[in-house]
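Visitor: take this sequence and fold it.
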Amino acid sequence: MSKPRRIGILTGGGDVPGLNSVIKSVTYRATDLGYEVIGIRRGWEGLTHQRPGAELDPAYIIPLDRVNTRAIDRTGGTVLHSSRTNPRKMKAERLPAHLAPERAATMATGDGIYDLTPVVLDNIERLGLDVLVPIGGDDTLSFAQTLSDHGVPLIAIPKTMDNDVQGTEYCIGFSSAVTRAKELINRQRTTLGSHERVGVFRIFGRNAGFSALYTAYVTSARCLIPEAPFDLDHLCRLMVEDHRANPSRYAFVIAAEGAIWEGGKIQEVGEADAFGHRHKANIAEILAAEIKARTRIETVFSELTYDLRSGEPDSLDQMVAITFANVAMDLIADGVHGRMMAIVDGKYAHAPLPDPKLGARSVNVGKMYNAERLRPIYGGLLGHPLLLGESLGTRA
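Guide: Down below sits the predicted model:
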């Protein structure tokens, strides 16, 4: 087999710190190996909305080299920009303006939804891509599996601050999110103590509680995770207990956005995105009101979401991003395709692309989380990998 000559790289879904480190490292290593690299802008939209007639549409394609990627790893976000485009489920109003109506009709799936996979495949061929490197979470990587099933050679790289991609114990963006959350919570302790309040901090985690759990681990806090519905009265009793025991007369709890109490329901608001997700109502605001009503202690809620995905990566995220990129290039050079970079048992590895049917990877309640005390488990960790707990859904 001849070595690939052109590599395409894209970032999809929400941005996280560390994406630019992957882009730079892939570019540097690919250049050393004699490959050409092009950046695909705005995620999967870059492969659905390119204008026909030109090989490299400047609105969506940018050649990458050692010069224009030299300093990008010093900042957060993604220089390629991103989107939540789902080529398999595109609404009529989102179709490319240049797409002929008669061709669009062949891709209609009903209810005004279109599957633009054929357009993506055509553009991959037109761009002369030998290998694709998509970086994203479950949603972005679900379409990577579609392309792999159609014979597109690719190596995926997982990123999400939720750390919930199946097949890996670590996703780029996770460490930076926990580091930022810890800093923000420790900063706000002074205000909670000055006013003797109970604080409720909302953190990302629609389907999995890793971000809330690990932030609680490093802040010695209680936390609420989607995998373990909690008793609201019990939570209130614990908050009163903590409030009384604290010399500064404050308490706090960290709530993943998808956490829920037994018998409760958090309303979803707004329009669904291309992957069917709607925003959940702010559980921190709801819980703060409930705790105040039941305990008569003043409460305050704080949103720790978008701050956690902003800015440059911490050292661990940058290290993992660089290593994922270089191991991905090793696999590409060896002709390995259809895999995802991963951490398995605390070691760098590669795993199958995530199966969308499995849903999000989840916290192993009982081994990582004390559902009675609403705390991480700190004992019995000898022999565990760096990220401390055995997790569900990490076997390759």
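
Visitor: mind checking the backbone torsions on the nearest residue to Trp261 once chain neighbours are set aside?
Guide: Closest residue to Trp261 apart from its sequence neighbours, by C-beta to C-beta, 6 or more residues apart in numbering: Leu232 at 4.3 Å. Every residue, glycine included, has its C-beta placed from N, CA and C. Backbone torsions for Leu232, taken as degrees, to the nearest 10, come to phi -60, psi -40.

Visitor: go on, Gly8?
Guide: The phi and psi values for Gly8, taken as degrees, to the nearest 10, are phi -110, psi 140.

Visitor: now swap in the one 3 residues further on and tell me
Guide: When read as degrees, to the nearest 10, the backbone of Thr11 gives phi -120, psi 130.

Visitor: pull the contacting residues for the closest residue in space to it that isn't next to it in sequence.
Guide: Nearest residue to Thr11 in three dimensions, chain neighbours excluded: Thr78, at 4.3 Å (C-beta to C-beta, 6+ apart). Counting by C-beta atoms under 8 Å, 6 or more residues apart in numbering, Thr78 makes contact with Thr11, Asp15, Leu19, Asn20, Ile23.

Visitor: show me what contacts the residue nearest to Trp261?
Guide: The contact partners of Leu232, taken as C-beta under 8 Å, 6+ apart, are Trp261, Glu262, Gly264, Glu290, Arg294.

Visitor: please enumerate the helices of this structure.
Guide: 19-32, 45-48, 101-106, 117-126, 138-149, 174-195, 210-219, 232-245, 283-295, 315-333 (DSSP state H).

Visitor: only alpha carbons, please: show the shortest one as CSV.
Guide: It refers to helix 45-48. Listed next in CSV are the C-alpha coordinates belonging to helix 45-48 (Å, rounded to 0.1, in the frame of the first residue of the first chain):
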residue,chain,number,x,y,z
GLU,A,45,-19.9,21.7,7.7
GLY,A,46,-16.6,22.0,5.9
LEU,A,47,-17.4,18.8,4.0
THR,A,48,-21.1,19.5,3.3
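
Visitor: and the contacts of it?
Guide: Against helix 45-48 from outside (C-beta under 8 Å, 6+ apart): 10, 40, 60-61, 80, 83, 85, 87, 90, 96, 116, 119-120, 123-124.

Visitor: closest to Arg180 among those residues?
Guide: Leu80 (22.5 Å; C-beta to C-beta).

Visitor: list the contacts for that closest one?
Guide: Counting by C-beta under 8 Å, 6+ apart, Leu80 touches Ile9, Leu10, Thr11, Leu19, Ile23, Gly39, Ile40, Arg41, Arg42, Gly46, Ile62.

Visitor: so what's the fourth one up against?
Guide: So that's Leu19. Thr11, Gly76, Gly77, Thr78, Leu80, Ile135, Lys159, Ile172, Gly173, Ala321.

Visitor: inside strands: which ones of these?
Guide: Per DSSP state E, strands hold the following members of these: Thr11, Ile135.

Visitor: could I get the contacts of Leu19 as a markdown table with distance to Gly193?
Guide: Below are those laid out as a markdown table (distance: C-beta to C-beta, whole Å):
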| residue | distance to Gly193 |
| --- | --- |
| Thr11 | 40 |
| Gly76 | 31 |
| Gly77 | 34 |
| Thr78 | 38 |
| Leu80 | 43 |
| Ile135 | 41 |
| Lys159 | 36 |
| Ile172 | 35 |
| Gly173 | 31 |
| Ala321 | 37 |
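
Visitor: ok, the spatially most central residue of the chain - contacts?
Guide: Most central in the chain under C-alpha atoms, centre = their mean is Thr160, positioned 1.7 Å from the mean C-alpha point. Under the criterion of C-beta under 8 Å, 6+ apart, the neighbours of Thr160 are Gly13, Gly14, Val16, Gly136, Gly137, Asp138, Cys171, Ile172, Gly173, Phe174.

Visitor: leaving out chain neighbours, which residue sits closest to the second one?
Guide: It stands for Gly14. Nearest one to Gly14, counting by C-beta to C-beta, 6+ apart, is Arg309 at 6.2 Å.

Visitor: now do the fifth one
Guide: Taking C-beta to C-beta, 6+ apart as the measure, Gly137 lies nearest to Thr160, with 3.7 Å between them; neighbours along the chain are not counted.

Visitor: quick one: that neighbour and Gln318, what's the gap?
Guide: Per C-beta to C-beta, to the nearest Å, Thr160 is found 16 Å from Gln318.

Visitor: end-to-end on stretch 352-366?
Guide: 27 Å (C-alpha to C-alpha, to the nearest Å).
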